[in-house]
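Peer 1: got a predicted structure plus its sequence, pasted below:
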Amino acid sequence: MPETVPNLSFADLSLAPAWTALFLGVFAIAAGIGELRRAGHWEKMLAEISASPALQMITALIQLFLGAVIYLADPWASPDWLSSAMSVLGGLMCLEALVILSFSDVFTAFWLRRFGPYARLWSWGSLLFGVALIAVALPRF
């Protein structure tokens, strides 16, 4: 009797939106805590990226890659609202990567003006965004 080979042509990505939200949430919380602990790191990071064409290229490449993975793993035309939201987020990450690559001087200058006086607000916003993503993700497991 011939062996049955499982159909491996399609991966089960039904939990991809939850995993995406969970990992992004944990990242946002850690980033927010890091900035609250040592205020000014985000502003310093943006200043360094603004001053270095190599860092601009690497930042854009990593963000494009991660955005594409998120976009492709979470179907846009899905009845699951979280999947659609994560797909939009991945698409926006790809768009931001292209903006960083094309207009990094203008883009980083724009964000540098907003981080200094509002660093704590951005940190708390990152924390709250992370908590919200985790709160949405956990019930799906």
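Peer 2: Perfect, thanks for sending it. Numbers count the residues shown, from 1 in each chain.
Peer 1: so which residues of this protein form helices?
Peer 2: 16-37, 41-51, 53-73, 81-137 (DSSP state H).
Peer 1: please identify the most buried of those.
Peer 2: helix 16-37 (a mean of 18; mean count of other CB atoms under 10 Å). Where you see a C-beta, it was placed from the backbone N, CA and C, and this is true even at glycine.
Peer 1: output the helices of the chain as TSV; include the columns mean pLDDT.
Peer 2: As requested, the helices of the chain are exported to TSV (pLDDT from 0 to 100):
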stretch	mean pLDDT
helix 16-37	97
helix 41-51	93
helix 53-73	97
helix 81-137	94
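Peer 1: so what's Trp111 closest to, chain neighbours aside?
Peer 2: Leu46 (5.6 Å; CB to CB, 6 or more residues apart in numbering).
Peer 1: gap between that neighbour and Arg113?
Peer 2: According to CB to CB, to the nearest Å, Leu46 and Arg113 sit 10 Å apart.
Peer 1: again, but for Gly90
Peer 2: 27 Å.
Peer 1: in this structure Gly91 contacts Leu66, no?
Peer 2: No. Using CB atoms under 8 Å, Gly91 is not in contact with Leu66, being 11.9 Å away.
Peer 1: who are the neighbours in contact with the residue nearest the centre of the chain?
Peer 2: Closest residue to the average C-alpha location of the chain: Leu24 at 5.9 Å, with CA atoms, centre = their mean. The neighbourhood of Leu24, defined by CB atoms under 8 Å, 6 or more residues apart in numbering, consists of Leu89, Gly130, Leu133.
Peer 1: take those and write them to a markdown table, including distance to Ser52.
Peer 2: Formatted as a markdown table, the contacts of Leu24 follow (distance: CB to CB, whole Å):
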| residue | distance to Ser52 |
| --- | --- |
| Leu89 | 26 |
| Gly130 | 28 |
| Leu133 | 30 |
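Peer 1: which one of those is nearest to Gly34?
Peer 2: Nearest to Gly34 among the contacts of Leu24: Gly130, at 11.8 Å, using CB to CB.
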